[in-house]
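Participant: I need the structure of the sequence given here:
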Amino acid sequence: MNFKRNADLNYIKIIWNEDYLMGKRENKFFLLLLISTAIIECVVAATFLGKWDIEAFNFPWAKVSANDWFGMYRPRMDKIHLVNYPPLVPTLFWPFGKIINHFGLSLTSGSQFDIAVSFLLIKLVSMGFQWLTAIFVYWKSKSKQYGLLLSALILLNPSIWLNAAFWGQLDSALIFFTVVSFYYLQNNRYSLASLWFGLGCLAKLQFMYLVPVFGLYLLWKAPWKKVIQSVVQVIAVNIIGWLPFMINMKQLLLPYNIFSEGLGRPNVSYNALNFWAGILPADAKLAAHIFPWLTYSQLNTIILILIIVSLCVLIWCFAHHKINSFPLAYVGAIYSGLIFMFTMGQHERYQISVLAFLVLLLVDASPNTNRPFVWYTYATAVTFVNQGLLYLGAYLAVRTLPIYSQLIQWGGIVNFILFVGLVCELFWRNRKQSGISLQNL
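Facilitator: Next up, the predicted model:
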């Protein structure tokens with residue numbers, strides 16, 4: 001008996017040592033992947049000198065936040081705010097703005113080295129959030145091997161590369177805060193979820209669209225005490241984030257003014273491959289009348305309300321077992337897709353919120369299940385094409401050509417069909433496979 005017990009103990013030790021050594025090896029592989037990707041992305045960021053958007057927004061935000069952080073929301077002479085973004089991202093630009101201001105760097109003048117450094121500095125925040133997402137996903141994945149695969153899908157994602165390293169946009173922040181906050185939410189870590197969700201609201205305007213998903217899931221899963229604590233925590237995080245600027249500007253409604261200015265655009269669609277791009281002219285205005293008693297802006301409000309009501313009905317059906325429930329990530333992806341596809345004022349990048357939830361879906365999905373990878377591939381492809389069409393159209397100055405409008409129109413139709421098809425297939429499979437584990441969806 002002692003011999004058998006010792007043999008069993010030795011076997012356990014061998015297995016444990018093998019797992020430990022394998023884990024160390026995979027950690028090294030991950031670090032190598034992360035560092036290699038970061039180096040290549042930094043080279044791309046420094047050498048691709050497309051100024052569109054970052055010259056008008058990111059670069060001046062970095063300079064003004066470093067020069068006058070408390071006063072960065074001071075309006076310009078035309079009473080339009082230079083910084084029309086929540087405060088977290090401009091604050092993260094602060095150290096890079098200090099370097100830019102100290103050395104007098106510019107995106108357009110100086111030596112080639114100085115210009116390359118300027119482009120690299122202003123894109124580091126965007127790329128940093130991509131790297132942080134990969135680190136978090138690797139950390140939280142079910143196994144080290146699976147974590148390596150998922151982190152590679154994020155680090156090598158062409159849509160995120162185009163958005164962060166080439167363009168310098170900040171949608172990687174949306175992905176990061178969505179993945180982290182909703183990961184903790186679905187794992188009943190309500191305090192951490194609320195903290196990260198509050199920070200997400202301080203980082204991206206589009207995060208406000210996610211309030212219904214976050215709030216309804218809380219109401220469904222959390223005890224009332226936790227619901228109240230979470231709501232108070234999200235509000236507190238946002239008050240703390242905005243308070244220095246509200247005091248400095250002596251404007252109690254400063255957050256509302258910034259959000260209204262950032263989201264108050266006149267067009268129905270801004271190059272977004274969605275339902276409206278497929279059926280309306282590119283220059284259609286929200287103020288235009290569909291009927292004498294209804295404008296597109298009013299219709300947009302009705303559609304947004306209907307989407308939120310539909311989400312409420314879906315959560316109610318889950319809670320009362322009328323239908324099998326989906327993982328939270330699917331709910332978020334469908335809801336975000338409906339917002340992008342059917343509400344107005346959407347930009348070419350805004351479907352990236354769907355991609356964020358699909359990253360979360362992959363973290364909890366079984367490696368042997370194909371559907372999450374199909375959804376992730378779809379979201380990566382359509383967001384890459386949508387961003388690429390606009391950026392190349394602007395970079396090559398071809399957006400005025402008829403072919404560009406036709407590509408946007410047909411892209412909107414194809415994207416709409418693909419999205420509706422994926423959602424219908426998911427509901428159909430859910431109805432047909434009653435009782436199957438959620439992780440198999």
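Participant: in the stretch 51-200 of the chain, which spans are helices?
Facilitator: With DSSP state H, counting those that start in this stretch as the criterion, the stretch 51-200 of the chain has helices at 58-67, 88-92, 94-103, 112-140, 144-155, 158-161, 171-186, 190-203.
Participant: which residues of the protein score low on pLDDT?
Facilitator: 1-23, 76-81, 262, 264, 432-441 (pLDDT under 70).
Participant: if we use 80, what do you get?
Facilitator: Within the chain, the segments meeting pLDDT under 80 span 1-23, 75-82, 261-265, 366-368, 395, 431-441.
Participant: that one: strands as residue ranges?
Facilitator: Per DSSP state E, the chain carries strands over the ranges 269-270, 289-291, 294-295, 346-347.
Participant: in a markdown table: the ones you listed, plus mean neighbour count and distance to Asn163.
Facilitator: In short, each C-beta sits where N, CA and C put it, glycine included. Shown next, in a markdown table, are the strands of the chain (neighbours: other CB atoms under 10 Å; distance: least, CB to CB, whole Å):
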| stretch | mean neighbour count | distance to Asn163 |
| --- | --- | --- |
| strand 269-270 | 22 | 15 |
| strand 289-291 | 10 | 33 |
| strand 294-295 | 14 | 32 |
| strand 346-347 | 22 | 12 |
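Participant: could the ones you listed be laid out in CSV, adding distance to Leu199?
Facilitator: As requested, the strands of the chain are exported to CSV (distance: least, CB to CB, whole Å):
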stretch, distance to Leu199
strand 269-270, 26
strand 289-291, 39
strand 294-295, 35
strand 346-347, 22
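Participant: closest one to Pro90 among the ones you listed?
Facilitator: Closest to Pro90 of the strands of the chain, according to CB to CB: strand 346-347, at 19.1 Å.
Participant: output the helices of the stretch 51-200 of the chain in TSV; the columns should cover mean neighbour count.
Facilitator: What follows is the helices of the stretch 51-200 of the chain, written out as TSV (neighbours: other CB atoms under 10 Å):
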stretch	mean neighbour count
helix 58-67	22
helix 88-92	20
helix 94-103	17
helix 112-140	20
helix 144-155	19
helix 158-161	22
helix 171-186	25
helix 190-203	22
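Participant: nearest to Gly128, out of the strands of the chain?
Facilitator: Among those, the nearest to Gly128 by CB to CB is strand 346-347 (22.1 Å).
Participant: which elements pack onto that closest one?
Facilitator: Under the contact criterion of 3 or more CB pairs under 8 Å, 6 or more residues apart in numbering; DSSP states H and E, strand 346-347 touches strand 269-270.
Participant: list the neighbouring strands of the strand it packs on plus their orientation.
Facilitator: strand 346-347 (parallel) (DSSP bridges).
Participant: quick one on the thing from earlier: nearest to Lys140, of the strands of the chain?
Facilitator: Short answer: strand 346-347, nearest of those by CB to CB, at 29.7 Å.
Participant: how far away from the center of its chain is that closest one?
Facilitator: Relative to the centre of its chain, strand 346-347 is centred 13 Å away, using CA atoms, centre = their mean, to the nearest Å.
Participant: before we move on, what about stretch 143-159?
Facilitator: 17 Å.
Participant: domain parsing for this structure?
Facilitator: Here the domain assignment for the chain is 170-249, 265-441, based on automatic domain parsing.
Participant: out of those, which gets nearest to Phe48?
Facilitator: Nearest to Phe48, of the domains of the chain and by CB to CB, is domain 265-441 at 10.0 Å.
Participant: which non-adjacent residue is nearest Ile303?
Facilitator: Once flanking residues are discounted, Ile303 sits nearest to Phe342: 5.3 Å by CB to CB, 6 or more residues apart in numbering.
Participant: swap in Lys98?
Facilitator: Ala66 (4.5 Å).
Participant: next: Tyr296.
Facilitator: Nearest non-adjacent residue to Tyr296 (CB to CB, 6+ apart): Leu286, at 4.8 Å.
Participant: for Arg74, same thing?
Facilitator: Per CB to CB, 6+ apart, closest to Arg74 is Met249, 7.0 Å.
Participant: if I read this right, that neighbour contacts Met72, doesn't it?
Facilitator: No: counting by CB atoms under 8 Å, Met72 is not a contact partner of Met249; they are 9.7 Å apart.
Participant: kindly check the end-to-end length of stretch 260-267 for me.
Facilitator: 15 Å (CA to CA, to the nearest Å).
Participant: what lies in contact with that stretch?
Facilitator: The contact list for stretch 260-267 (CB atoms under 8 Å, 6 or more residues apart in numbering) reads Ile80, His81, Asn84, Tyr85, Leu205, Asp283, Ala284, Lys285, Leu286, Ala287, Gly345.
Participant: neighbour-wise, which one of the residues you listed leads?
Facilitator: The most crowded member of the contacts of stretch 260-267, judged by other CB atoms under 10 Å, is Tyr85 (24 neighbours).
Participant: distance of it relative to Phe245?
Facilitator: Separation of Tyr85 from Phe245 (CB to CB, to the nearest Å) stands at 12 Å.
Participant: what does Thr108 give?
Facilitator: Taking CB to CB, one finds Thr108 at 29 Å from Phe245.
Participant: the two: who's more crowded?
Facilitator: More neighbours surround Phe245 than the other of Thr108 and Phe245, with 21 against 10 (other CB under 10 Å).
Participant: was I right to think that one contacts Met72?
Facilitator: Yes: between Phe245 and Met72 a contact is recorded at 7.4 Å, counting by CB under 8 Å.
Participant: quick one: common contacting residues for these two?
Facilitator: The contact sets of Phe245 and Met72 overlap at Pro87 (CB under 8 Å, 6+ apart).
Participant: so how far is Phe48 from the nearest residue to Glu55 once chain neighbours are set aside?
Facilitator: When the adjacent residues along the chain are set aside, Glu55 lies closest to Leu107, with 5.4 Å between them (CB to CB, 6+ apart). Separation of Leu107 from Phe48 (CB to CB) stands at 12 Å.
Participant: need the overlap of contacts for the two.
Facilitator: What both Leu107 and Phe48 touch, as defined by CB under 8 Å, 6+ apart, is the set Phe119.
Participant: looking at those two, which has the bigger crowd around it?
Facilitator: The neighbour comparison of Leu107 against Phe48 (other CB under 10 Å) goes to Leu107, with 18 against 15.
Participant: let me see the contact set for the more buried one.
Facilitator: Contacts of Leu107 by CB under 8 Å, 6+ apart are Leu49, Lys51, Ile54, Glu55, Phe59, Ile115, Ser118, Phe119, Ile122.
Participant: isn't the last one right up against Ala62?
Facilitator: In this case it means Ile122. Yes: the criterion here is CB under 8 Å, and Ile122 meets it with Ala62 at 6.2 Å.
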